[in-house]
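In: Pasted the sequence and its predicted model underneath.
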Amino acid sequence: MSTPSLTALTPAPGHSRGLRSITVAHGSMDPRTGLLEYVVRNDAHTWIRRGGGLVAYGETARFTVTGPDRFTRAQEWWRRELAGAEVLDELSVPGSGLIAFGSFAFSKTSAHESRLIVPEVVVGCSEGMSWLTYITDDADAELTAEAAEAALAAYLVEPDAGRSPSPGDRLGPGVLSEDQYKVAVAEGVKHVRAGELSKLVLARDVVAHLDTPVATAQVLRELAVRYEDCWTYAVDGLIGSTPEMLIKVEDSTARARVLAGTLDRASAPADDPGYATRVLAGSEKQLHEHQIAIDSLTETLGPFTSSMTSHSEPFVLQLPNVWHLASDVMAQLTVDEDGLVPTSLALVQALHPTAAVCGTPTTVAGALIRELEHLQRGPYAGPVGWIDAGGNGEWGIALRGAVVETPTRVRLYAGCGIVEGSQPEAELAETWSKFRPMIEALGLSR
Ligand SMILES: C=C(O[C@H]1C=CC=C(C(=O)O)[C@@H]1O)C(=O)O
């Protein structure tokens with residue numbers, strides 16, 4: 001397997017025949033809002049958690065691809081772009097310098113285009129540092145702090161208006177009705193009981209029809225404030241706030257957050273603080289589902305690492321809508337004889353799709369998803385995130401999100417892990433708990 005390396009992705013300084021970028025320190029940020037003050041336009045690309053991360057505007061380059069080799073081809077394109085690039089970066093931290101935002105289709109057979117987008121301006125904030133990056137393909141453009149500030153100012157000058165819920169806004173069914181979804185779950189359980197697979201993830205969609213155009217920036221700000229432990233993403237109309245980190249690479253350290261096992265907070269008794277721990281961490285079914293997800297990640301990540309640690313027991317992650325059983329995994333990536341480690345995108349390629357969104361074994365689950373779901377997942381449950389010139393990056397799984405299909409039509413997706421003990425009615429209810437972040441951020445009710 002050829003894994004692009006950190007060094008192979010590092011652009012040569014001083015000669016340019018393509019992308020050119022400058023990164024400068026950017027004034028201090030309001031600690032209460034962090035990056036959110038920059039999420040003012042509906043075309044923002046975002047990757048935000050607890051006020052930090054990246055917000056970007058504009059598009060200097062784009063690569064689109066479909067098919068089973070979408071990750072390899074995207075990496076090749078990124079390497080080619082970097083090879084001819086000129087990069088001035090006074091910070092040189094993960095996420096500074098040249099970066100691309102990306103979103104990949106869940107399925108290798110999907111007609112949906114996976115994409116890498118190199119923005120024009122990026123505001124970044126991490127560990128008390130803030131920076132501004134300006135990226136151009138104009139050989140004559142000046143790479144100065146003033147040029148970067150001017151490029152950012154041009155995007156911020158006209159913020160998009162928010163919207164208020166309208167009486168005509170409504171939530172309609174998606175491809176499968178609720179009853180059809182329950183039938184699909186029951187079918188899935190039969191296959192699990194027959195021993196064909198141990199876990200299968202079945203998803204469904206619902207469609208928000210709005211009276212007036214969706215105010216994406218407002219939706220993203222609401223998601224980022226409410227779901228501050230999640231990663232609020234926006235890439236080209238794919239928006240949401242995911243609690244699941246597929247892989248994060250910072251130099252030679254990789255991290256992942258694996259989730260599986262869900263409990264709706266809406267149905268919890270108010271006066272029982274031990275409820276989530278008892279019901280989730282005390283449930284054989286939930287622990288089994290979680291173990292399958294952990295095993296799938298660690299088995300695949302193992303060959304890339306020299307050491308790996310995770311807690312022996314999952315913890316209960318509390319989000320505003322649900323509790324999850326969660327495990328954080330940290331690994332040291334193996335450094336090869338040339339001193340190189342795999343890039344974040346190379347690891348994405350190896351890890352996707354995990355048991356959290358597909359099932360185990362992957363091929364059996366993938367075939368059953370196609371047979372039972374009747375849904376074009378598109379970018380739902382695919383990797384979403386960013387990569388920099390050094391190969392660092394953060395790639396979440398595009399969950400708890402939606403695709404803005406037209407200014408007034410937004411498609412929401414949610415799925416559930418199906419194991420032997422799954423009940424169709426309970427899984428249907430669980431999809432509603434997973435739709436809730438988007439339903440509320442859009443100002444809708446069920
Ligand atoms: C497939 C989804 O969630 C996955 C991630 C966490 C917990 C899950 C579960 O408990 O079923 C799912 O595997 C989704 O949110 O659409």
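Out: That came in fine, so what should we check first?
In: drop to CA atoms for contacts and neighbour counts, all remaining ones
Out: Noted.
In: need the contact list for the nearest residue to Val183 once chain neighbours are set aside.
Out: Nearest residue to Val183, sequence neighbours excluded (C-alpha to C-alpha, 6 or more residues apart in numbering): Pro424, at 7.4 Å. Neighbouring residues of Pro424 by C-alpha atoms under 8 Å, 6 or more residues apart in numbering: Tyr181, Lys182, Val183, Val185, Ala186.
In: Now for the residues you listed, which sits with the most neighbours around it?
Out: Within those, Val185 tops the neighbour count with 28 neighbours, counted by other C-alpha atoms under 10 Å.
In: quick one: contacts of stretch 273-285?
Out: So stretch 273-285 is contacted by 261-263, 268-269, 286-287, 314-316, 323-325, 419-421 (C-alpha under 8 Å, 6+ apart).
In: Show me what counts as buried in stretch 238-250.
Out: Neighbour counts over stretch 238-250 (16 or more other C-alpha atoms under 10 Å) mark 238-250 as buried.
In: related to what we said a few turns ago, can you pull the pLDDT of the residue nearest to Val183?
Out: According to the prediction, Pro424 has pLDDT 98.
In: before we move on, back to that, from the contacts of stretch 273-285, keep the buried residues only.
Out: 261-263, 286-287, 314-316, 323-325, 419-420.
In: overlap between the residues you listed and the residues near the ligand?
Out: Residues of those in contact with the ligand (C-alpha under 6 Å from any ligand atom): Gly261, Thr262.
In: picking that back up, now for the contacts of stretch 273-285: which two are most distant?
Out: Spanning the widest gap among the contacts of stretch 273-285 are Pro269 and Glu420, at 26.6 Å by C-alpha to C-alpha.
In: SS state for the residue lying farthest from the centre of the chain?
Out: Within the chain, Asp140 marks the point farthest from the mean C-alpha position, 35.2 Å out by C-alpha atoms, centre = their mean. Following DSSP: H, G, I helix; E, B strand; the rest coil, we place Asp140 in the coil state.
In: Next up, the contacts around it.
Out: Under the criterion of C-alpha under 8 Å, 6+ apart, Asp140 has no neighbours.
In: With the one 5 residues further on instead?
Out: Ala145 makes contact with Ile22, Thr23, Val24, according to C-alpha under 8 Å, 6+ apart.
In: Rebuild these as TSV, extending it with secondary structure, neighbour count and distance to Tyr155.
Out: Formatted as TSV, the contacts of Ala145 follow (DSSP: H, G, I helix; E, B strand; the rest coil; neighbours: other C-alpha atoms under 10 Å; distance: C-alpha to C-alpha, whole Å):
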residue	secondary structure	neighbour count	distance to Tyr155
Ile22	strand	24	17
Thr23	strand	27	17
Val24	strand	23	18
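In: closest to Ala355 among those residues?
Out: Once C-alpha to C-alpha is applied, the member of the contacts of Ala145 that ends up nearest Ala355 is Thr23, at 38.0 Å.
In: was I right about the closest one contacting Gly97?
Out: Yes - the pair Thr23 / Gly97 is scored as a contact, 5.6 Å apart, by C-alpha atoms under 8 Å.
In: Just the terminal-to-terminal distance for stretch 92-103.
Out: Start and end residues of stretch 92-103 are separated by 24 Å (C-alpha to C-alpha, to the nearest Å).
In: How far away from the center of its chain is that stretch?
Out: 15 Å (C-alpha atoms, centre = their mean, to the nearest Å).
In: Identify the residues contacting that stretch?
Out: Identification of contacts with stretch 92-103 by C-alpha under 8 Å, 6+ apart yields 21-23, 45, 54, 87-89, 114-119, 124, 131-133, 135, 235, 250-251, 379, 382-390, 392-393.
In: The same query, at a cut-off of 7 Å, please.
Out: Stretch 92-103 has contacts (C-alpha atoms under 7 Å, 6 or more residues apart in numbering) with 21-23, 87, 89, 114-119, 133, 235, 250, 379, 383-389, 392.
In: hang on, the earlier thing: for Pro119, see how far away the residue farthest from the centre of the chain is.
Out: With distances taken as C-alpha to C-alpha, Asp140 is found 18 Å from Pro119.
In: what stretches of the stretch 1-150 of the chain score poorly on pLDDT?
Out: 1-17 (pLDDT under 70).
In: same thing but at 80, please
Out: For the stretch 1-150 of the chain, applying pLDDT under 80 flags the ranges 1-17, 28, 31-32.
In: Does the residue of it at minimum distance from the ligand lie in a helix or a strand, and which?
Out: Relative to the ligand, the nearest point of the stretch 1-150 of the chain is Phe106 (11.5 Å; C-alpha to the nearest ligand atom). Using DSSP states H and E, Phe106 falls within no helix or strand.
In: What sits closest to it if chain neighbours are left out?
Out: Phe106 sits nearest to Gly382 (C-alpha to C-alpha, 6+ apart), 4.1 Å away.
In: Spit out the contact partners of the one you found.
Out: Each residue near Gly382 by C-alpha under 7 Å, 6+ apart is listed here: Phe104, Ala105, Phe106, Ile397, Ala398.
In: Put together a markdown table for the residues you listed, with neighbour count on each row.
Out: Below are the contacts of Gly382 laid out as a markdown table (neighbours: other C-alpha atoms under 10 Å):
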| residue | neighbour count |
| --- | --- |
| Phe104 | 30 |
| Ala105 | 28 |
| Phe106 | 23 |
| Ile397 | 31 |
| Ala398 | 33 |
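In: which of those residues sit farthest apart?
Out: Ala105 and Ile397 (10.7 Å).
In: circling back to that earlier point, the residue of the stretch 1-150 of the chain closest to the ligand contacts Val384, doesn't it?
Out: No - Phe106 is not in contact with Val384 according to C-alpha atoms under 7 Å; the separation is 10.2 Å.
In: and the contacts of stretch 273-285, which of them are in helices?
Out: Among the contacts of stretch 273-285, the ones falling in helices (DSSP state H) are Gln286, Leu287.
In: So which of the contacts of stretch 273-285 are in strands?
Out: Gly261, Thr262, Leu263, Phe315, Val316, Trp323, His324, Leu325 (DSSP state E).
In: will you turn those residues into TSV that also has pLDDT?
Out: Listed next are those as TSV, based on pLDDT from 0 to 100:
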residue	pLDDT
Gly261	86
Thr262	92
Leu263	92
Phe315	93
Val316	94
Trp323	95
His324	94
Leu325	93
